[in-house]
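Student: sequence first, predicted coordinates after that:
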Amino acid sequence: MNMILLIILTYLIGSIPSGLWIGKLFYKTDIREHGSGNLGATNTFRILGKKAGIVVTLMDILKGTIATVLPTLAYFADSGIHPLIAGAIAVVGHMFPVFAKFRGGKAVATSAGVVLGYHWPIFIILFIAFILCLKVSKMVSFSSMFASVVAFVYAIIYTFFEQDYFLLIIITILAAFIFYRHRSNIVRIKAGTEPKVKWL
Ligand code: NKO
């Protein structure tokens, strides 16, 4: 029973469309009708500015972290759900949110929250890799994909030492989600038309 409850709960947490709700509540704007059309942190920065961007980034990260930590709570001790599965379900909720007609984000911030909740050192490494890549490329989409490749390489090395095959499997799935959701960005990057950030 707790298994089903946990699956529903983590999906609902992931489904919280931070960018949409912050935009509608405080700016009367649906960010999916502007910019890249994505319901994510970057498009929030782009359309609504720094303040909203930071709040949405933190909320989207937190969704992944909370979902990942839930199975370790005493109440869900018998759920049989691995923390990384719970986190991955929240990422699915983030991409296909029931509260936003299933048009969600690109899995980046919530996946980052999952690794933060499971094994925080990877989060620090990915964050640094993301920022360094952003400084050089000026493209958030490219940096997101770069960080997911770094996550994959890290998971291979970590698994080699710790035999945590689960981490490798889930990171591979999350990285695949991230690449799949960035299809239109990949086309623009190849064409040289992907927007670049100015503030780094
Ligand atoms: O609007 O198409 P767009 O230009 O907005 O957006 C592209 C963008 C979408 O993603 C986001 C989220 C940005 C979050 C920034 C926090 C970065 C933390 C480090 C990245 C970790 C990656 C985790 C991979 C785990 C497998 O890309």
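Tutor: That came in fine, so what should we check first? Residues are numbered from 1 along each chain as shown.
Student: show residues contacting stretch 104-113.
Tutor: 14-15, 17, 19, 38-41, 57, 60-68, 87, 90-91, 93-97, 123, 126-127, 141, 144, 147-148, 174, 177-178, 181-182 (C-beta atoms under 8 Å, 6 or more residues apart in numbering). Every residue, glycine included, has its C-beta placed from N, CA and C.
Student: repeat that for stretch 167-184.
Tutor: So stretch 167-184 is contacted by 36, 84-85, 87-88, 91, 95, 105-108, 111, 114-115, 118-119, 141, 144-145, 148-149, 151-152, 154-156, 158-159, 186 (C-beta under 8 Å, 6+ apart).
Student: now do the helix ranked longest in the chain: distance to the chain's middle.
Tutor: Among the segments of the chain that qualify as a helix by DSSP state H, the longest is helix 140-162. Distance, stretch centre to chain centre, for helix 140-162: 14 Å (C-alpha atoms, centre = their mean, to the nearest Å).
Student: and for that helix, what's in contact with it?
Tutor: Contacts for helix 140-162 (C-beta under 8 Å, 6+ apart): 42, 106, 108, 111-112, 115, 119, 122, 125-127, 129-131, 133-134, 137, 164-165, 167-168, 171-172, 174-175, 178-179, 182, 185-186, 188-189, 194, 197.
Student: what's around Ile131, how many residues?
Tutor: By other C-beta atoms under 10 Å, 13 other residues sit near Ile131.
Student: and it, how close does it get to Leu116?
Tutor: 15 Å (C-beta to C-beta, to the nearest Å).
Student: I'd guessed Phe45 sits against Val55; true?
Tutor: No. Counting by C-beta atoms under 8 Å, Phe45 does not reach Val55; the two are 10.5 Å apart.
Student: okay, these two: which has more neighbours?
Tutor: Phe45 (22 against 17).
Student: mind listing what that one touches?
Tutor: Counted by C-beta under 8 Å, 6+ apart, Phe45 has contacts Ala52, Gly53, Thr57.
Student: that older thread, in PyMOL, select just the buried ones from the contacts of stretch 104-113.
Tutor: Buried subset of the contacts of stretch 104-113, written as a PyMOL selection, criterion 16 or more other C-beta atoms under 10 Å:
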select buried, resi 14+15+17+19+38+39+40+41+57+60+61+62+63+64+65+66+67+68+87+90+91+93+94+95+96+97+123+126+141+144+147+148+174+177+178+181+182
